[in-house]
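Q: mind folding the following:
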Amino acid sequence: MKRHLLRFFLAAVAALGALTGCESGNLLPSVSGKAGEIIVVMDKPDWEDALGNEVRDLLGADCPWLAQKEPLYSLVNVIPSAFVDLFKVHRNILLFRVSPQIDSAGIIYKHDAWASPQIVIQISAPTSAQAADMFREKGPMIVSSIEQAERDRVIRNTFRYEESSIFRKTAEIMGGAPHFPTGYKIRKTTDDFVWIADDKEGVYQDVIIYKYPAEEDPFTLEKIIAHRNEVMKDNVPGMFEGTYMTTSVYFPPTVEYLKYKGHDLAQTRGMWEVQNDFMGGPFVSHSFYSPDGSEIITAEAFVYAPRFDKRQYLRQVESILYSWEWKQSTEKVEKGEN
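A: Numbers count the residues shown, from 1 in each chain. As a prediction, the model looks like this:
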């Protein structure tokens, strides 16, 4: 009798936990769709007119940091009546609600509405013209939100399948490091340089981290590129004698200054090439001060994939840079300190 009561009690607890999980979103299905893809829920007339043009001009524009033409995102139009469960579990959804019954234009950002990890951006407006105005006004935030969602998915999987030895070895040299998933291996280390690579046939996704003494006004584009070229010449040789990585002058690099999770950094984008050879591809780097301000640390991601589109390969390895942690921070967590 006691055994039956115990089974009944355990079954009741399990049922209650399942209900609680559903309500809290813990049992949401995993997202579907390809990385870099967005479902755009919009009536076909709007999609083929000004509102659709606004979306394509922003989200379907040429990716600005690649040599070849690739769209920033791949867009898939779905009309509202066809927006069923199959599409509701997509990773990125841009949902337009246009109706004269709506009082005023507005935008809502939702996470994990129907799946996880998901972002849904809903724009509501009385007219298509007002929806287009709202989209144009909020365009930079929309791009930033989707980019952050794509980045967070990569970082989430990185921690799930982390090759933790790379963080430990790199942090011993640099004082901190990004986190790397399985597949990456340390290729080269010196006292001030680490090269971590995931090189497969036809696709190289690499991260290079180096440091040098801080100087006055260190984050100008000229100084960042000068240090980059010096480090690459000394540490990243090409396939043949007298060849080495450098920065392409045909695709002028750019720098912008960001704050990410309280972390100030200079983000540089450009194209790398091999001096006296024909290899090349995109790179992005983060340059920032060491905790004591005595050194500049640069973490760079680059891709070589001559036979493939490079947008997603670069996004994947670039996202790893955003997982940077200082060694002392992880040690405090391990010790249970605040």
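Q: state which strand of this protein is the longest.
A: As assigned by DSSP state E, the longest strand anywhere in the chain is strand 263-275.
Q: partner strands of it and their direction?
A: Under the criterion DSSP bridges, strand 263-275 sits next to strand 244-247 (antiparallel), strand 254-260 (antiparallel), strand 280-289 (antiparallel) in its sheet.
Q: tell me how far that strand lies from the chain's centre.
A: Chain-centre distance of strand 263-275: 16 Å, with C-alpha atoms, centre = their mean, to the nearest Å.
Q: mean confidence for it?
A: Here strand 263-275 scores 96 as its mean pLDDT.
Q: all helices for the stretch 101-250 of the chain, in order.
A: 128-137, 139-160, 164-174, 221-235 (DSSP state H, counting those that start in this stretch).
Q: still on that earlier bit, tilt between the longest strand of the chain and helix 221-235?
A: 50 degrees (axes from the mean of the first three to the mean of the last three C-alpha atoms, to 10 degrees).
Q: can you list the buried residues in strand 263-275?
A: Leu265, Ala266, Gln267, Thr268, Arg269, Gly270, Met271, Trp272, Glu273, Val274 (16 or more other C-beta atoms under 10 Å). In short, each C-beta sits where N, CA and C put it, glycine included.
Q: got those residues as CSV, with distance to Asp46 columns?
A: Shown next, in CSV, are these (distance: C-beta to C-beta, whole Å):
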residue, distance to Asp46
Leu265, 39
Ala266, 40
Gln267, 35
Thr268, 39
Arg269, 33
Gly270, 38
Met271, 37
Trp272, 41
Glu273, 43
Val274, 47
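Q: tell me the one among these nearest to Ala299.
A: Leu265 (9.0 Å; C-beta to C-beta).
Q: Phe302: which of the helices of the stretch 101-250 of the chain is closest?
A: Taking those one by one with C-beta to C-beta, helix 221-235 is closest: 9.8 Å.
Q: so what touches the closest one?
A: For helix 221-235, the external contacting residues (C-beta atoms under 8 Å, 6 or more residues apart in numbering) are 188, 190, 193, 195, 208, 210, 212, 215, 217-218, 244-247, 253-255, 266, 268, 270, 272, 275, 285, 287, 296, 298, 300.
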